[in-house]
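Undergrad: Next comes the sequence, and after it the predicted model I'd like to discuss.
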Amino acid sequence: MKSKERQQYLLSLAISVILALMVGALIMLATGHNPLEGYGALVKGAFGTRRAWGNTLYKSFQLCITGLATAIASSAGIFNVGGEGQMYLGALASCYLGARLTGVSPWLALPVCFLAAILSGAVYAWIPAVLKVKLKINEVITTILMNSIAIYFCSYMANGPLKTMERGVNTGTDAIDKLFRFNRLIPGSNLSETVFWIAGISLLVWYLMSATTTGYEMRLTGQNERFARFVGLKADRLGIAGMLISGAMCGALGMFECFALQNRFKPDFSSEFYFDGMLVAMIMRYKPFGIILMSFFFGALKMGATGMQSQTGISSELILIVQSIIIFFMAAEQGVVARLQLRKTRREPISKGG
């Protein structure tokens, strides 16, 4: 993205955010609430206490890794909508081993569980990738369908063959060994040692996409596959590689969620947060650094919404409206800018002639 285009895009994003917040304020007024109190409670809910800070940071890291997972596949020309399914399989595989490796040193068990998680996610992402590059089958359709297959399969396993016999637990697999669980960094919050893993993975992906030849070749393939083939790039392999990395990241996140928060695999461990990360990536046009920044903004909105509802009674659904408006404006941004430029081009000859 050129400097002028980047500045224009960031300006459009800032305007979209301001307009969305203004619409949110109008909705508050229409429902009898004070916008200043509402947004004040939102900020306090996101940053008012150490626990709030911890939850906001964790949500931000969560959005960051899912957004980058979407971006790396899209940069290689494949749109991965199957992150939820890949995450479920990674979670189930790692939790199964986490419960079976009791007595093994964490220094050995955790890498094995991590490897199982990323392999499960990567293999499941490999299927639609191959169907895309070899048979030209639309990956959006296949990944959406495969989401349902993976989620229902994991739910069946957790409620059937792998269901725990532990008293008081209605659903889920056996508990992960206590030595394998990630410790909370801030008591009472969701922030755990997994953020170091997520930060490391995010940095590696950022470096791959922004500073390596492979990353450049992936971007070139995603932008113009025919040209990439013309200059001798192996577009099929690059597309599959991007999808494999994306699936591996989703599988890893499944493990992190369960080993830090759930302590076992549960069918409802995810609230479809992969799709939130996917929207962050789309808004920032799959740019790694932009995804990292926008993840913290959306993370604050998500966590602040809960505090806003509890303190002022304003429904947290309002923040979903604000997010949707931002997405709507940014989706329209390219068309609006193109139309304004066209008008400017048409007026220039008239001005010169006058």
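TA: Okay, I see it.
Undergrad: Next up, the contacts around Phe265.
TA: Applying Cβ atoms under 8 Å, 6 or more residues apart in numbering to Phe265 gives the contacts Ala91, Leu92, Cys95, Tyr96, Cys154, Ala158, Leu162, Gly172, Thr173, Cys258. C-beta: built from backbone N, CA, C; applies to glycine.
Undergrad: Point me to the helix or strand that includes the closest residue to it other than its chain neighbours.
TA: Among residues not flanking Phe265 along the chain, Cys95 sits closest, at 3.8 Å (Cβ to Cβ, 6 or more residues apart in numbering). Using DSSP states H and E, Cys95 maps to helix 83-100.
Undergrad: So what touches stretch 32-49?
TA: Contacts for stretch 32-49 (Cβ under 8 Å, 6+ apart): 21, 24-25, 28-29, 52-53, 56, 299-301, 303-308, 310-314, 318-319.
Undergrad: Now the buried members of those residues.
TA: 21, 24-25, 28, 52-53, 56, 299-301, 303-308, 311-312, 314, 318-319 (16 or more other Cβ atoms under 10 Å).
Undergrad: So which bits of stretch 275-292 are buried?
TA: Neighbour-count burial for stretch 275-292, counted by 16+ other Cβ under 10 Å, picks out 276-288, 290-292.
Undergrad: now what about that stretch, what contacts it?
TA: 1, 9, 13, 62-71, 74-75, 81, 83-84, 202, 205-206, 209-210, 293-295, 298, 302, 323, 326-327, 330.
Undergrad: just stretch 164-174 next, same as before
TA: 92, 95-96, 99, 157-159, 162-163, 175, 262, 264-267.
Undergrad: Kindly check the end-to-end length of it for me.
TA: 5 Å (Cα to Cα, to the nearest Å).
Undergrad: Which positions within that stretch qualify as buried?
TA: Buried-residue list, stretch 164-174, by 16+ other Cβ under 10 Å: Thr164, Gly172, Thr173, Asp174.
Undergrad: didn't Ala73 look like it was pressed against Phe79?
TA: Yes: using Cβ atoms under 8 Å as the test, Ala73 is close enough to Phe79 to be in contact (6.8 Å).
Undergrad: what number of residues lie near Trp126?
TA: Trp126 is flanked by 15 other residues according to other Cβ atoms under 10 Å.
Undergrad: Wasn't Arg264 part of a helix?
TA: No: under DSSP: H, G, I helix; E, B strand; the rest coil, Arg264 sits outside any helix and is assigned coil.
Undergrad: That one and Cys154: what is the separation?
TA: Using Cβ to Cβ, to the nearest Å, one gets 12 Å for the distance from Arg264 to Cys154.
Undergrad: Just the buried residues of the contacts of stretch 275-292.
TA: 9, 13, 62-71, 74-75, 81, 83-84, 202, 205-206, 209, 294-295, 298, 302, 323, 326-327, 330.
Undergrad: Which ones among those map onto helices?
TA: The helices, defined by DSSP state H, take in 9, 13, 62-71, 74-75, 83-84, 202, 205-206, 209, 294-295, 298, 302, 323, 326-327, 330 from those.
Undergrad: List the residues that contact Phe227.
TA: Counting by Cβ under 8 Å, 6+ apart, Phe227 touches Leu220.
Undergrad: next structured bit after the strand or helix carrying it?
TA: Using DSSP H and E, Phe227 maps to helix 225-230. As assigned by DSSP H and E, the chain's next helix or strand after helix 225-230 is helix 235-257.
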